[in-house]
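*Asks:* need a structure here:
(one chain, ligands or ions: 1)
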Amino acid sequence: MMNTQKLQFSRQLPIKRRCEVLVAGGGPAGVAAALAAKRSGADVYLIEGASCLGGMGTLGLVPCFMQFGDGVNFLADGIGREVHDRLWHAGGAGPDDRLDERYGHLAIQAEVLKVVYDDLLIEADVPFSLMTQLVAVEQQAGQVSTVICAAKSGMYAIQADVYIDCTGDGDLSAWAGAPFEKGDEQGNMMPGTLCSLWADVDWQAVRKSGELDDDFLPAAFEAGIFSVQDRHLPGMFRVGEHLAGGNVGHAFGVDATDEDSLTRALVQGRKTVREYEAFYKRFLTGYGQMQLAATGSLMGIRESRRIMGDYVLDLYDFKNRAVFDDEIGRYCYPVDIHAAQPSDESFANFMREFTELRYQPGESYGIPYRSLLPRGLRNVLVAGRCVSSDRYIQGSLRVMPGCYVTGQAVGAAAALSLAHAGEVRAISTAALQSRLLELGAYLPNARG
Ligand SMILES: Cc1cc2nc3c(=O)[nH]c(=O)nc-3n(C[C@H](O)[C@H](O)[C@H](O)COP(=O)(O)OP(=O)(O)OC[C@H]3O[C@@H](n4cnc5c(N)ncnc54)[C@H](O)[C@@H]3O)c2cc1C
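*Replies:* You can find the predicted model right below:
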C-alpha cells in the first residue's frame with residue numbers, strides 16, 4: 001500500500017553551479033540544445049541522470065535513426081547532420097546503410113554513438129555531468145530561480161538565467177507548474193519497449209530466406225510462445241556484421257513518470273525479450289545461433305507528458321503541411337502511434353493511421369517557436385519528445401531527428417534571451433531564425 005502521509009523537507013544545500021543556460025537531460029534534444037546555446041555564445045551546463053549522453057538512442061538501445069530528411073531536403077540540418085555524419089564516419093552506422101543525404105536513415109551502434117556525443121560536447125567546451133538527476137524546481141510567478149539535483153555527492157542546487165527541459169518526460173516544466181497532457185482522453189499512452197542487442201545473427205541467411213518475421217506471429221501465438229499476443233512487431237535491425245538491434249515486444253500501460261510502473265516494465269521487458277528469442281530461433285531462418293548481448297539500461301519510452309505551450313501543434317498542422325511565421329524547423333516522419341492495447345482492432349487502427357498519415361517526398365510540416373514555450377513559465381524552454389503537441393504530431397516529431405530540430409532551436413533561443421534577462425518570449429523570432437540559419441538549420445520559410 002502506498003503511504004500518502006506528507007513530510008515537510010527543508011535543508012541548506014550548496015549552490016554548486018551558476019551558469020547562463022542549464023540543460024536538463026542529455027538525449028538527442030539535450031545535446032543539440034547545449035551545443036546550439038554554446039555556439040551562440042552562452043555559458044551552458046548540462047545535467048544527465050544516466051551514465052552517458054544519447055537518451056533512448058544509446059541508453060535505450062533504440063536501433064536506428066528515422067529519416068533526417070524528407071526525401072529531398074535534409075530537415076534535421078545543422079547539429080542533426082553533424083551527428084549523422086560523425087556516426088557514419090566513425091563506423092557507427094549499420095553495414096547496410098548508405099550515406100544518402102536526402103534520407104539519412106541510419107542504424108545505430110550505441111557504443112559509437114555514445115562517444116560521438118561525448119566528443120561533440122567536449123570539443124565545443126560544454127561542461128556536463130552524468131549520473132546527475134534533476135529532482136526539484138524552485139519558481140516564483142513563472143520565473144524559475146533554481147533547480148535541485150541529486151547525485152553521488154548528495155543534493156545540490158544549480159542556478160541559471162534560462163532553463164531548458166530536455167528530459168523527454170517534461171520533468172522540469174511540469175515541476176515548475178506548466179500544464180501538460182498525457183495520452184488520450186482516457187490517459188492511454190503508447191506502450192514502451194525494452195530494446196535489445198543480439199550477437200551471432202546470420203544476416204546473409206536472413207536476407208536469402210526473404211522471410212518476414214510478423215508473418216510467423218499467428219503460428220507462434222498458436223504455439224503459445226508469447227504471454228501477450230501482440231500483432232505489432234517492429235523487428236530486428238542490422239546494426240553490425242552479425243549484430244541485431246531488437247525493437248521487439250511492447251510494455252503496455254507503462255507510465256514513465258512513475259518509478260513503480262517503470263520497474264514493472266523493465267522486469268517484464270527482460271522476460272519478454274526471451275520470448276522473442278524463442279520465436280526467432282524457432283520460426284525464422286538465420287537466427288538459430290543468436291545470443292542476447294544486452295538489454296537497454298533505460299526503459300524505451302515513446303510517450304509520456306506533452307507540455308502544453310503557447311501553441312499546440314496538431315493533426316491539422318500535419319495534414320496542412322503547416323507554415324508558421326515563427327517557424328524554427330520542419331519535419332516529416334509519419335504519424336506513428338503504437339496502440340495502447342494489444343488487440344487486433346487497436347493494431348488495425350495503428351496500421352491505418354501509419355499508412356494514411358504520411359507524406360510524399362519533399363513534404364513536411366513547420367514547427368513554431370511557440371510550441372517550445374511552456375505556458376506560464378518565463379525563462380523555460382522545452383524540446384524533444386515532450387514539446388507542445390497533440391498525440392498525432394507527438395507520434396511524428398518524437399523520433400530523434402525531430403528532437404535535434406527542436407533541441408537546436410531552444411539552444412539558440414536561450415542564448416538570445418540572455419539579452420532580455422532570460423525572458424524567452426522577448427526575443428525576436430526573425431533574430432532566432434537568422435541565428436538558426438547560421439547554425440545550419442533548414443528553414444525555407446524564414447523571414448528576411
Ligand atoms: C522503443 C523505441 C523505439 C524507437 N524507435 C525510433 C527509431 O527507430 N528512430 C528514431 O529516430 N527514434 C525512435 N524512437 C524515438 C526516440 O528514440 C525518442 O523519442 C527520442 O530519443 C527522444 O529524445 P529526447 O531527447 O526528447 O529524450 P530521450 O532520448 O528520452 O533523452 C532524455 C534524457 O534525459 C534524461 N533524463 C530524464 N529525466 C531526467 C531528470 N529528471 N534529470 C536528469 N536527466 C533526466 C534521460 O536519462 C535521457 O538521457 C524510439 C523510441 C522508443 C522508446
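
*Asks:* number of residues surrounding Ala419?
*Replies:* 11 (other CB atoms under 10 Å). Any C-beta I mention is one placed from the backbone N, CA and C, and that applies to glycine too.

*Asks:* sorry, wrong one. I was asking about Leu197.
*Replies:* Count around Leu197 with other CB under 10 Å applied: 21.

*Asks:* mind checking what secondary structure it has?
*Replies:* Here Leu197 is recorded as strand under DSSP: H, G, I helix; E, B strand; the rest coil.

*Asks:* that one and Ala110 touch, don't they?
*Replies:* Yes: at 7.4 Å, Leu197 and Ala110 qualify as touching, with contact defined as CB atoms under 8 Å.

*Asks:* residues shared between the contacts of these two?
*Replies:* Residues touching both Leu197 and Ala110 (CB atoms under 8 Å, 6 or more residues apart in numbering) are Leu61.

*Asks:* what about the closest residue to Val405 other than its chain neighbours, distance to Tyr365?
*Replies:* Leaving aside its sequence neighbours, Val405 sits nearest to Gly329 (CB to CB, 6 or more residues apart in numbering; 3.7 Å). Distance of Gly329 to Tyr365, computed by CB to CB, to the nearest Å: 10 Å.

*Asks:* domain-wise, how is the protein divided?
*Replies:* 16-184+303-438, 196-295 (automatic domain parsing).

*Asks:* is the ligand within reach of the last one?
*Replies:* It refers to domain 196-295. Yes: legend: contact between domain 196-295 and the ligand by CB under 6 Å from any ligand atom is shown at Asn247.

*Asks:* want to try TSV for the domains of the chain, with mean pLDDT and distance to Gln5 as columns?
*Replies:* Conversion of the domains of the chain to TSV gives the following (pLDDT from 0 to 100; distance: least, CB to CB, whole Å):
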stretch	mean pLDDT	distance to Gln5
domain 16-184+303-438	96	19
domain 196-295	97	17
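
*Asks:* let me know which of the ones you listed is tucked in deepest.
*Replies:* domain 16-184+303-438 (a mean of 21; mean count of other CB atoms under 10 Å).

*Asks:* all strands of the stretch 151-300 of the chain, in order?
*Replies:* 154-165, 180-182, 196-199, 235-238, 244-247, 291-295 (DSSP state E, counting those that start in this stretch).

*Asks:* so what are the sheet partners of the fourth one and their directions?
*Replies:* Read that as strand 235-238. strand 244-247 (antiparallel) (DSSP bridges).

*Asks:* dump the strand it pairs with to CSV, restricted to CA.
*Replies:* Only the C-alpha atoms of strand 244-247 are listed here, as CSV (Å, rounded to 0.1, in the frame of the first residue of the first chain):
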residue,chain,number,x,y,z
ALA,A,244,20.9,-7.2,-34.5
GLY,A,245,19.2,-4.4,-32.6
GLY,A,246,15.9,-5.7,-31.3
ASN,A,247,12.8,-3.4,-31.2
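
*Asks:* which residues are contacting it?
*Replies:* So strand 244-247 is contacted by 61-64, 107-108, 193, 195-198, 201, 203, 234-239, 273, 276, 290, 300 (CB under 8 Å, 6+ apart).

*Asks:* quick check: closest non-adjacent residue to the closest residue to the ligand within the stretch 51-200 of the chain.
*Replies:* Nearest residue of the stretch 51-200 of the chain to the ligand, counting by CB to the nearest ligand atom: Gly55, 2.2 Å away. Sequence neighbours aside, Gly27 is the residue nearest to Gly55 in space, at 2.3 Å (criterion: CB to CB, 6+ apart).

*Asks:* likewise for Asp255?
*Replies:* Excluding its sequence neighbours, the residue lying closest to Asp255 (CB to CB, 6+ apart) is Ser261, at 4.3 Å.

*Asks:* residues contacting the one you found?
*Replies:* Ser261 touches Gly253, Val254, Asp255, counting by CB under 8 Å, 6+ apart.

*Asks:* closest to the ligand out of those?
*Replies:* Val254 (10.0 Å).

*Asks:* sorry, back to before: test my guess that the residue nearest to Gly55 contacts Cys166.
*Replies:* Yes: applying CB under 8 Å, one finds Gly27 in contact with Cys166, separated by 6.2 Å.

*Asks:* what sits in contact with each of these two?
*Replies:* Joint contacts of Gly27 and Cys166 (CB under 8 Å, 6+ apart) are Gly384.

*Asks:* what are the ranges of the helices in this protein?
*Replies:* 28-39, 79-89, 110-123, 171-175, 203-209, 217-222, 259-283, 315-319, 344-356, 391-397, 400-417, 429-438 (DSSP state H).

*Asks:* residue in the stretch 201-350 of the chain nearest to the ligand?
*Replies:* For the stretch 201-350 of the chain, CB to the nearest ligand atom, closest residue to the ligand: Gly300, 3.2 Å.
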